[in-house]
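> okay, predicted coordinates and the sequence, questions at the end:
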Amino acid sequence: MKPAPFAYHRPATVTEAVAMLGEFGEDAKILAGGQSLVPMLAMRLTHFENLIDISRLPELNDITLQGNEVRIGAATPHAMVGLDDEIADSVPLLTLATPHIGHFQIRSRGTLGGAIAHADPAAEYAAVALALDATIEATSSRGTRQIPATEFFTGLWETSLAPDEILTSVRFPVAAGRSGFGIAEFARRHGDFAIAGAVVGFELDEDDRITRCGIGLLGLGSTPLRAAPAESVVLGTPIGGITAEEIGRLAMSELTDIPTDLQGSASYRARVGAAMVSRAWTQAITHVTEEALNA
């Protein structure tokens, strides 16, 4: 199928893009990598009179270390995120998550900002942003505001972005001290959206007790989620003080909106989700252990 006719715009700056978005209003949509939007347009699941292409704006395609944060421009491709040495050193969970995103063609065109703004409940980068307490930068003609990732995802494919705002960057905290990271997901074929998955990031004190823990869940609700019950239980405990299986069970314990669809029932997704949390937790422990041995 082919999309319905639309007008294509390529602004030269973010300021120009924001002005266009304000001018066209609800008849406009931002186009970044297009890996989610273009198929939806082609199948005529959605339609916009105007597409505003921000994929080639240099100011949105950069990776910079700013103090204790790494700022990633919204138009930075997945492939660049996955290969960047600064990210590998400072935000290892992004590096681990990138190979799980679709296929290499999608990673070459898709963008970090586009993936997060699309707010798919099975999106890897969205789960990473939640687990690491990232901050989303949104820009409009009124200026720029900072949105905590925990307040960004509001519903299925819905975010707290205002209609005239563009997601311009995401800031991830630099891994502090001894940290462990892991990701696990299950899909029927490699490159498919995950039926269920999890990302894990934690920090340890000098006694191997967990001082911070973030567990992001994929495909287990109408939005990307945090596994708050499991996170709260492990705080202050040694990494060996609770089993990976118990972490998985706790992560599923308060989920009330697990979807049922052609990929599986809610109970099936919960079982798979618990297993993925357990695997990601085990991977995170292995990661921090190997880091200690190599130090």
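Good, I have the coordinates.

> tell me the buried residues in stretch 64-83?
The neighbour-count check on stretch 64-83 (16 or more other Cβ atoms under 10 Å) flags 69-82 as buried. All C-beta atoms are positioned from the backbone trio N, CA, C, and that covers glycine.

> cool, stretch 46-55 as well?
F48, N50, L51, I52, D53, I54, S55.

> touching it from outside, list them.
Contacts with stretch 46-55, where a contact means Cβ atoms under 8 Å, 6 or more residues apart in numbering, come from 3-4, 6-11, 14, 17, 20-21, 24, 27-34, 37, 40-41, 60, 74-75, 111, 166.

> cutoff 6 Å now
Contacts to stretch 46-55, defined as Cβ atoms under 6 Å, 6 or more residues apart in numbering, come from residues 4, 6-10, 17, 20, 24, 27-32, 40, 60, 75.

> low-confidence ranges, the stretch 101-250 of the chain, go.
Along the stretch 101-250 of the chain, no part satisfies pLDDT under 70.

> now do the helices in it.
Ranges of helices within the stretch 101-250 of the chain are 104-109, 112-118, 124-131, 228-234, 244-252, based on DSSP state H, counting those that start in this stretch.

> which other helices and strands contact the host helix or strand of E291?
Here E291, judged by DSSP states H and E, is contained in helix 266-294. Judged by 3 or more Cβ pairs under 6 Å, 6 or more residues apart in numbering; DSSP states H and E, helix 266-294 is in contact with strand 178-186, strand 196-204, helix 244-252.

> tell me the angle that helix makes with strand 178-186.
Interaxial angle of helix 266-294 relative to strand 178-186 (axes from the mean of the first three to the mean of the last three Cα atoms, to 10 degrees): 150 degrees.

> how far out from the middle of the chain is helix 266-294?
Relative to its chain's centre, helix 266-294 lies at 17 Å (Cα atoms, centre = their mean, to the nearest Å).

> re earlier: can I get the buried residues of stretch 64-83 in JSON lines including secondary structure and pLDDT?
Conversion of the buried residues of stretch 64-83 to JSON lines gives the following (DSSP: H, G, I helix; E, B strand; the rest coil; pLDDT from 0 to 100):
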{"residue": "E69", "secondary structure": "strand", "pLDDT": "97"}
{"residue": "V70", "secondary structure": "strand", "pLDDT": "98"}
{"residue": "R71", "secondary structure": "strand", "pLDDT": "98"}
{"residue": "I72", "secondary structure": "strand", "pLDDT": "98"}
{"residue": "G73", "secondary structure": "strand", "pLDDT": "97"}
{"residue": "A74", "secondary structure": "coil", "pLDDT": "97"}
{"residue": "A75", "secondary structure": "coil", "pLDDT": "96"}
{"residue": "T76", "secondary structure": "coil", "pLDDT": "97"}
{"residue": "P77", "secondary structure": "strand", "pLDDT": "96"}
{"residue": "H78", "secondary structure": "helix", "pLDDT": "97"}
{"residue": "A79", "secondary structure": "helix", "pLDDT": "97"}
{"residue": "M80", "secondary structure": "helix", "pLDDT": "97"}
{"residue": "V81", "secondary structure": "helix", "pLDDT": "98"}
{"residue": "G82", "secondary structure": "helix", "pLDDT": "97"}
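
> closest one to S141 out of those, please.
A74 (17.2 Å; Cβ to Cβ).

> and that closest one, how close does it get to S55?
Here the criterion is Cβ to Cβ, to the nearest Å. By it, A74 lies 10 Å from S55.

> before we move on, the earlier item: could you dump the helices of the stretch 101-250 of the chain to JSON lines with mean neighbour count?
Conversion of these to JSON lines gives the following (neighbours: other Cβ atoms under 10 Å):
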{"stretch": "helix 104-109", "mean neighbour count": "16"}
{"stretch": "helix 112-118", "mean neighbour count": "26"}
{"stretch": "helix 124-131", "mean neighbour count": "29"}
{"stretch": "helix 228-234", "mean neighbour count": "18"}
{"stretch": "helix 244-252", "mean neighbour count": "21"}
